[in-house]
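Q: heads up, no residue letters with this:
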């Protein structure tokens, strides 16, 4: 019989220690209201592959790091800190005060992701399935970007869009 512990969920207070311990510019992912544990797990897996330092979610109205999310993450839940915060707006303001730029994704934006500078201290903000970012979250973003779509569909699944955006940032940072 083997005993395993659940993946750790970090508190807001841990975020400062994580950022203070970095030797490179911060690269964060913020998920605003992503409620599907499959999407949370896929975002964690992609975040790990992209070198994200922490994923930030809200305590309420977000998927929890349950068995489904952990399984879909394929080990990333043990490697990428998942920070649960009570007030996302307050956390975003605190991150901005530390010099971290907030880039939110919105289909109606006029800024193309491929024309945006994603090389500096960055938090990529992804909205909920279907609804996107909440108004206050959107208002706190320094820039809103979109992924150009060539086909007839108007949006991508949040985990797929996260992968596209994170790896464009990775491409620019290389």
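A: Structure received. Note that the coordinates shown come from a computational prediction; the quantities given were computed from them, not determined experimentally.
Q: What helix or strand is the closest residue to residue 50 other than its chain neighbours located in?
A: Closest residue in space to residue 50, ignoring its immediate chain neighbours: residue 166 at 4.0 Å, by Cβ to Cβ, 6 or more residues apart in numbering. The C-beta positions use only the backbone N, C-alpha and C, and glycine is treated the same way. In the assignment (DSSP states H and E), residue 166 maps to helix 158-173.
Q: Just read off the phi/psi values of residue 146.
A: phi -130, psi 160 (degrees, to the nearest 10).
Q: any idea how far residue 96 is from it?
A: From residue 146 across to residue 96, the span is 21 Å (Cβ to Cβ, to the nearest Å).
Q: Ok, residue 67 next?
A: Distance check for residue 67 against residue 96: by Cβ to Cβ, it reads 35 Å.
Q: and these two? which has more neighbours close in?
A: Neighbours were tallied for residue 67 and for residue 96 using other Cβ atoms under 10 Å; the higher tally belongs to residue 96 (16 against 12).
Q: hey, where'd the strands end up in this structure?
A: Listed in chain order, the strands of the chain (DSSP state E) span 9-11, 27-32, 54-58, 82-85, 101-105, 111-112, 122-127, 143-146.
Q: Quick check: buried residues in stretch 109-125?
A: 109, 113, 116, 118, 121, 122, 123, 124, 125 (16 or more other Cβ atoms under 10 Å).
Q: Tell me the one of those nearest residue 50?
A: residue 124 (9.4 Å; Cβ to Cβ).
Q: residue contacts, that closest one?
A: Taking Cβ atoms under 8 Å, 6 or more residues apart in numbering, we find residue 124 in contact with 28, 29, 30, 103, 105, 118, 162, 165, 166, 169.
Q: Would you list the buried entries among those?
A: Looks like the contacts of residue 124 have 28, 29, 30, 103, 105, 118, 162, 165, 166, 169 buried, using 16+ other Cβ under 10 Å.
Q: and the closest residue to residue 84 other than its chain neighbours, how many neighbours does it have?
A: Nearest residue to residue 84, sequence neighbours excluded (Cβ to Cβ, 6+ apart): residue 59, at 4.7 Å. For residue 59, the neighbour count with other Cβ under 10 Å is 14.
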